[in-house]
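Novice: Kindly generate the corresponding structure for this input.
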Amino acid sequence: MAHHFERTAKFQAQKTYDVNNKDDRQMLVDTLLHAADLSNPVLAQELSVIWSCRVAQEFQAQARMEREMGFSVTPHYDISGPAEEA
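Specialist: Numbers count the residues shown, from 1 in each chain. Got it, this is the predicted structure:
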């Protein structure tokens, strides 16, 4: 949420978008990804729980891979115990 209001204001301020303009395309992609990232809490609770568990599993898998490859493990991805499968 660190950039939520900044992105929202920038998106709302721009009234037209040129698909041939790289910056405009990037802003639209960023806005769509941001909206998708925030959408889980508005899903039906059953779906929200399933997706939350899937995200936790993905984080844990990334932490395992980082550790196996000798990288620093991304903070908050390395939690103890497996995530419940959805």
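
Novice: got a list of contacts for the helix or strand containing V29?
Specialist: With elements delineated by DSSP states H and E, V29 resides in helix 22-38, which encompasses its position. The set of residues external to helix 22-38 that reach it, using C-beta atoms under 8 Å, 6 or more residues apart in numbering, is H4, R7, K10, F11, Q14, Y17, D18, V19. Where you see a C-beta, it was placed from the backbone N, CA and C, and this is true even at glycine.

Novice: List the buried residues in it.
Specialist: Buried positions in helix 22-38, judged by neighbour count with 16 or more other C-beta atoms under 10 Å: M27, T31, H34.

Novice: Dump the contacts of helix 22-38 to JSON lines, plus pLDDT.
Specialist: Below are the contacts of helix 22-38 laid out as JSON lines (pLDDT from 0 to 100):
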{"residue": "H4", "pLDDT": "79"}
{"residue": "R7", "pLDDT": "82"}
{"residue": "K10", "pLDDT": "85"}
{"residue": "F11", "pLDDT": "83"}
{"residue": "Q14", "pLDDT": "86"}
{"residue": "Y17", "pLDDT": "88"}
{"residue": "D18", "pLDDT": "91"}
{"residue": "V19", "pLDDT": "89"}
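
Novice: Which parts of this protein are helices?
Specialist: 4-13, 22-38, 45-68 (DSSP state H).
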